[in-house]
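Participant: fold the following for me, if possible:
(chains A and B)
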Amino acid sequence: MSIRVRYAPSPTGLQHIGGLRTALFNYLLAKSSGGSFILRIEDTDRERFDERSLQDIYDTFRWFGIQWDEGPDVGGPFGPYVQSERVTRYQEFALQLMGSGFAYEAFDSADDLREAREDGKQGYDPVFRDMPESEKQRYRDQGVQPVIRFRTPDEGTTVFEDAVLGRVKRKNRDIVTDPVLLKSDGFPTYHLAVVVDDHHMEISHVLRGQEWVPTTGLHVLLYEALGWEPPTFCHLPMVLGKDGQKLSKRHGATSVVEFRNAGYLPEAVMNYLSRLGWSYDDSREFFSRNDLETLFDVAKLSKSPAVFDYRKLDWFNGSYIREKSDAEIHDLILPFLLREGLISDPPETGQQSTIRTAVPLIKERMRVLSDAPDLLRFVLADISEWNVDELVPKKTPAADVPWYLERAKELIRDADAVPDEVLEERFRATATELGVKLGNLLMPLRVAVTGSTASPPLFGAIRLLGIETSIARVDACITLLNNST
RNA sequence: GUCACCUUCGUCUAGUGGUUAGGACACCGGGUUUUCAUCCCGGCAACGGGGGUUCAAUUCCCCCAGGUGAUGCCA
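Facilitator: Numbers count the residues shown, from 1 in each chain, chains lettered A, B, ... in the order given. The predicted structure is shown next:
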């Protein structure tokens, strides 16, 4: 039988990077096995539902570059793929479970339950479990909307075979007591909905985070009560922050859009995410989507949680940026330059060509696409202030610097017509003549032209900026230095 | 509290009943270089603790500790 997996996000917030990793592993299992990947929207919590989150799910995956075979937008033989459109189905099965004695109506008030929990009361006291019909009728007469609760067995043990964890056992009395299956608003809880849908969508493997391990026993019990065969469970190690706690805001970016906005490439994110809890061999680090689609194997999943390392992601991202063509980088950084107000929308032709020639100079200096604005600011915006300390090299009399700059200015006048090596030779000769190190001659020029001690290669930067503007900046710095000494 | 799961360098991980326990990121040092970056070379650094089993345990078993998770009319 063919493998069918699903990713089932709940549209109650922006897609989390950890969720994206779960989705990726599901997708990869489907691809590597020739199976199907299904997207199902789990929107049974009507209070927390958020339309923007739903849109975010689609946006995120389009950016990330993985596609599902069945889902709300593409359809499929097991639709609808949105749980709120399947409520009658859950109600039927809740009723069926009641009929077979596995479930019953309960009339607790939600407020009372919440209060009891806040008072530190452990577990649920199943007062309605065996209450006679006549007594329950009194609640109905008062207009109390019942919920349907599952009757968890007090004895026995539930076992399931996990593809990652192996055999997991749990005593039935340790499984949460009589959980709600159908809420008073008629919507199912996760437990009912996930079992009903996974069965009806013929899901063969459930890959989900390890936070679900404790409730899997309940799910197995539900499969049994419904007379269904449970799927293969495969609980993925969790993704943690640096402090070992669940990855959250205070560790840095957590939602996928944030990574996108920070200038991470989808292929780098995918490669990095694939290393979290999965490995191929003892040395390989780089995996394209295509590699992963063929090499992914559940057997190589690990059990222990992984800490999200932003620095390693940066390293991957920088590597992927360097592998891209100049034309691709050009297109990719445009939105980031625009966002910083460095170019107009659409970019002027002058800006276009400036950026085009600049890309080779900055490509190996970027770790994220959002590094581009800072690297190119010197050529896309005016510089009105210079840091005098940076203009004057260490162990150099400040009074000498204007003179260096004068000499440098003459040397770059015909930079457009002269190759780097020749230019450099001239600077070397001049440095020797002045009895200073090459760097002491070049650094003031670099700071004058680019406004910073760290910049793209100087001669390229000068040509990029234009000789005239470069010289004007040098002159401004000469004046500045003369006035400050 | 109870229950469940987890435990190899700081981090991601490979690995085997006998290995100098391997790779990558980070970090440190060196080289290339007009700065920064890239690139290259080198270095640092780990089997949580205690019991077993065994000729031999990082590897198999048990206990402990620590970590995380669940304990919702959230998913």
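
Participant: from here on, contacts and neighbour counts on C-alpha atoms
Facilitator: Fine.

Participant: show me the strands in chain A, by range?
Facilitator: Using DSSP state E, the strands of chain A run over A:4-7, A:36-39, A:103-106, A:147-150, A:157-162, A:166-171, A:180-182, A:205-209, A:232-236, A:239-240, A:306-307.

Participant: give me the helix or strand of chain A that scores worst on average pLDDT.
Facilitator: None of the helices or strands of chain A scores lower by mean pLDDT, DSSP states H and E than helix A:110-118, at a mean of 81.

Participant: mind listing what's buried in that one?
Facilitator: Residues of helix A:110-118 classed as buried: none (neighbour count, 16 or more other CA atoms under 10 Å).

Participant: who's in contact with A:C477?
Facilitator: A:386, A:402, A:448 (CA atoms under 8 Å, 6 or more residues apart in numbering).

Participant: out of these, who's the most crowded?
Facilitator: Sorting these by how many neighbours each has (other CA atoms under 10 Å) puts A:A448 first, at 28 neighbours.

Participant: mind listing what that one touches?
Facilitator: Under the contact definition (CA under 8 Å, 6+ apart), the residues listed for A:A448 are A:386, A:391, A:470, A:473-474, A:477.

Participant: same thing but 6 Å
Facilitator: Contact criterion CA atoms under 6 Å, 6 or more residues apart in numbering gives A:473-474 as the residues in contact with A:A448.

Participant: with the one 5 residues further on instead?
Facilitator: With CA under 6 Å, 6+ apart as the criterion, the residues that contact A:T453 are A:V447.

Participant: which one of the contacts of A:C477 is nearest A:K121?
Facilitator: A:W386 (65.5 Å; CA to CA).

Participant: give me the pLDDT for the closest one.
Facilitator: Here, the pLDDT recorded for A:W386 equals 89.

Participant: can you count the residues close to A:G166?
Facilitator: A:G166 is surrounded by 13 other residues when neighbours are defined as other CA under 10 Å.

Participant: likewise the one 3 residues further on?
Facilitator: Neighbour count for A:K169, taken as other CA under 10 Å: 12.

Participant: leaving out sequence neighbours, find the closest residue to it.
Facilitator: Residue nearest to A:K169 in three dimensions, not counting chain neighbours: A:V159, with 4.5 Å by CA to CA, 6 or more residues apart in numbering.

Participant: hmm, back to that, tabulate the strands of chain A in CSV, adding columns for distance to RNA strand B and mean pLDDT.
Facilitator: What follows is the strands of chain A, written out as CSV (distance: least, CA to the nearest atom of the strand, whole Å; pLDDT from 0 to 100):
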stretch, distance to RNA strand B, mean pLDDT
strand A:4-7, 10, 98
strand A:36-39, 12, 98
strand A:103-106, 8, 95
strand A:147-150, 6, 96
strand A:157-162, 9, 92
strand A:166-171, 4, 91
strand A:180-182, 5, 96
strand A:205-209, 9, 97
strand A:232-236, 8, 96
strand A:239-240, 8, 94
strand A:306-307, 4, 95
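
Participant: export the ones you listed to JSON lines and tack on distance to A:T396?
Facilitator: Formatted as JSON lines, the entries for the strands of chain A read as follows, by distance: least, CA to CA, whole Å:
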{"stretch": "strand A:4-7", "distance to A:T396": "63"}
{"stretch": "strand A:36-39", "distance to A:T396": "65"}
{"stretch": "strand A:103-106", "distance to A:T396": "85"}
{"stretch": "strand A:147-150", "distance to A:T396": "82"}
{"stretch": "strand A:157-162", "distance to A:T396": "69"}
{"stretch": "strand A:166-171", "distance to A:T396": "69"}
{"stretch": "strand A:180-182", "distance to A:T396": "78"}
{"stretch": "strand A:205-209", "distance to A:T396": "60"}
{"stretch": "strand A:232-236", "distance to A:T396": "60"}
{"stretch": "strand A:239-240", "distance to A:T396": "50"}
{"stretch": "strand A:306-307", "distance to A:T396": "47"}
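
Participant: sorry, back to before: any residue of the least confident helix or strand of chain A up close to RNA strand B?
Facilitator: Yes. Helix A:110-118 lies in contact with RNA strand B when judged by CA under 7 Å from any atom of the strand; the contacting residues are A:110, A:113-114, A:117.

Participant: residues touching A:E229, list them.
Facilitator: Contacts for A:E229 were tallied using CA under 6 Å, 6+ apart; there are none.

Participant: so which residues on the stretch 201-350 of chain A come close to RNA strand B?
Facilitator: Taking CA under 7 Å from any atom of the strand as the measure of proximity, the stretch 201-350 of chain A contacts RNA strand B at A:210-215, A:238, A:242, A:244-246, A:275-285, A:300-309, A:311-313, A:315, A:319.

Participant: only the buried subset of those residues, as a ChimeraX command please.
Facilitator: This is how ChimeraX selects the buried members of these, with burial counted by 16+ other CA under 10 Å:
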select /A:210,213,238,246,275,276,277,278,279,280,301,302,303,305,306,307,308,313,319
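
Participant: next step: the residues of the stretch 201-350 of chain A next to RNA strand B restricted to helices.
Facilitator: Secondary structure from DSSP state H places A:213-215, A:311-313, A:315, A:319 of these in helices.

Participant: gap between stretch A:82-94 and the chain center?
Facilitator: Shown here is stretch A:82-94, whose average C-alpha point lies 31 Å from the average C-alpha point of the whole chain (CA atoms, centre = their mean, to the nearest Å).

Participant: that one and RNA strand B, any residue contact?
Facilitator: No. Stretch A:82-94 is not in contact with RNA strand B by CA under 7 Å from any atom of the strand; minimum separation 9.5 Å.

Participant: who touches that stretch?
Facilitator: A:40-44.

Participant: ok, and which of those reach RNA strand B?
Facilitator: Counting by CA under 7 Å from any atom of the strand, A:42-44 from those sit close to RNA strand B.
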